[in-house]
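# Sequence plus predicted model, see below.
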Amino acid sequence: MQAIYLVKNGTPKVAFEFRDIQMTEPKDDEVGVIVEASGINFADVVARMGNYQDCPPLPTIIGYEAVGRVEKVGKNVTTLKKGDRVLAFTRFGGYSQYVTQQESAVAKISETMDVGKALALATQYSTAFYACSVATNVLPHETVLIHAAAGGVGTALIQLCKLKHAKIYGTAGSESKLEYLRKQGVDFPINYTKEDFSEVIKEPIDVAFDSLGAANFRKSYKLLNRGGRLVGYGAAAMTDATNIFTKAKMGAQFGIYHPAQFIMESRAMIGVNMLRIADYKPDTLKYCMESVITLLDEGKIDPHVGNMYAAKDIYQAHEDMEKRKTMGKIGITW
């Protein structure tokens, strides 16, 4: 069996190395899963570039989700058995043909569920579900703004907010992506390479979902209605910072805020990090995963799979995601 190790920071070609691994025994509350496919997320790109604080020391295996079959079961596991087809939230370690994970971060999926769609549920859809239905609750017919709306979490947020009959503004960086947003149900697609969303939008926003950070974050906050919420779940813009000075400059662009300001304006700022939810609220993670699995089974959501690469093409997959050439979920198959 093999895993893809992140051995150094830099371009995909120099960063990754395939290594042989052994099938280890799971702990008492864990299951061991033989993996058929591993998901790729933008956070993986940030980790590869050396800008992700939570990334373990190198060499390490990154990756947040895997689909496969349970092979080994710890003695305290009660809800899963050998042979079950499952989705695992891996919290690093996903780029591997074998993973072990706590029972609370593994959920059964059907034999017929498309592997790419299943991969989208662990991180992207669970993050989106937590962001719009747990961390805050998008109410029927509210107006929302979704940044990087053509990406994995963006697509998930569109579909989940459409279930709530929200009016949706969505940003993307090309005409093909704008067309994709229209097909997904975005009411007002905005090309951020040609227009400033903060000038295009002429009405208050009830909920803004921001994965970019920096100046984008500050502009989103200024658009909020009274009672509005800004949900931040990433800082993709920081990948453009190449040294400590540009990082400091972009960090300052987030703006400075005070709790009294939130109270007086009746606005909220909410941070979402699903790694922290996995660490400290595993039952909540399980709830989010099982909720989106049910929504997919019921046909209420439909994850868009951008591309499934062969594992040997991990370099191309990372390059495509870094250059923002992908839409929806991407992953690798073993």
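Noted; the coordinates are in hand.

# where in the stretch 151-300 of the chain is pLDDT low?
Applying pLDDT under 70 to the stretch 151-300 of the chain picks out residues 214, 235-255.

# what are the phi and psi values for the residue of the chain most remote from its centre?
Relative to the centre of the chain, the most outlying C-alpha is that of residue 264, 32.1 Å out, by C-alpha atoms, centre = their mean. The phi/psi pair for residue 264 (degrees, to the nearest 10) reads phi -60, psi -40.

# Quick one: neighbours of residue 257, just the number.
13 (other C-beta atoms under 10 Å). Any C-beta I mention is one placed from the backbone N, CA and C, and that applies to glycine too.

# Residue 130 - how many residues pack around it?
Around residue 130 there are 24 residues (other C-beta under 10 Å).

# next one: residue 329
29.

# give the contact list for the nearest residue to it once chain neighbours are set aside.
Counting by C-beta to C-beta, 6 or more residues apart in numbering, residue 120 is the residue found nearest to residue 329 once chain neighbours are left out, at 3.8 Å. Residue 120 makes contact with 39, 152, 155-156, 303-305, 328-329, according to C-beta atoms under 8 Å, 6 or more residues apart in numbering.

# Buried ones only from the residues you listed, please, as a ChimeraX command.
In ChimeraX, this line selects whichever of the contacts of residue 120 come out buried by 16 or more other C-beta atoms under 10 Å:
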select :39,152,155,156,303,304,305,328,329
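
# want to try a markdown table for the contacts of residue 120, with distance to residue 205 as columns?
Below are these laid out as a markdown table (distance: C-beta to C-beta, whole Å):
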| residue | distance to residue 205 |
| --- | --- |
| 39 | 30 |
| 152 | 22 |
| 155 | 19 |
| 156 | 19 |
| 303 | 25 |
| 304 | 24 |
| 305 | 29 |
| 328 | 24 |
| 329 | 26 |
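
# Out of the contacts of residue 120, name the ones that lie in helices.
Those of these mapping onto helices are 152, 155-156, per DSSP state H.

# Just the buried residues of stretch 298-312, please?
301, 303-309, 311.

# and of these, the nearest to residue 279?
Closest approach to residue 279 among the buried residues of stretch 298-312 (C-beta to C-beta): residue 303, at 25.1 Å.

# Which residues lie in contact with the closest one in this structure?
116-117, 120-121, 124-125, 152, 155-156, 296, 328-329.

# Let me have the residues you listed in CSV, extended by distance to residue 60.
Formatted as CSV, the contacts of residue 303 follow (distance: C-beta to C-beta, whole Å):
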residue, distance to residue 60
116, 25
117, 28
120, 24
121, 24
124, 22
125, 25
152, 22
155, 28
156, 27
296, 31
328, 27
329, 23
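
# Could you single out the nearest of those residues to residue 192?
residue 155 (16.5 Å).

# isn't the closest one right next to residue 328, touching?
Yes. Using C-beta atoms under 8 Å, residue 155 is in contact with residue 328, at 5.3 Å.

# okay, and the common contacts of these two?
Counting by C-beta under 8 Å, 6+ apart, the contacts common to residue 155 and residue 328 are 120, 303-304.

# Show me what the longest helix belonging to the chain is packed against.
Secondary structure of the chain per DSSP H: the longest helix is helix 282-297. On a contact count with 3 or more C-beta pairs under 8 Å, 6 or more residues apart in numbering; DSSP states H and E, helix 282-297 meets strand 85-89, strand 106-108, helix 126-130, helix 274-280.

# Now do it: distance to the chain's middle.
Distance, stretch centre to chain centre, for helix 282-297: 14 Å (C-alpha atoms, centre = their mean, to the nearest Å).

# cool, stretch 119-128 as well?
For stretch 119-128, the distance to the chain centre is 6 Å (C-alpha atoms, centre = their mean).

# now swap in stretch 145-163 and tell me
That offset, for stretch 145-163, works out to 11 Å (C-alpha atoms, centre = their mean).

# Can you mark which positions in that stretch are buried?
Result for stretch 145-163 [16+ other C-beta under 10 Å]: buried residues 145-162.

# Now do the contacts for the residue nearest to residue 97 when sequence neighbours are not counted.
Nearest non-adjacent residue to residue 97, counting by C-beta to C-beta, 6+ apart: residue 1, 4.3 Å away. Neighbouring residues of residue 1 by C-beta under 8 Å, 6+ apart: 20-23, 96-98.
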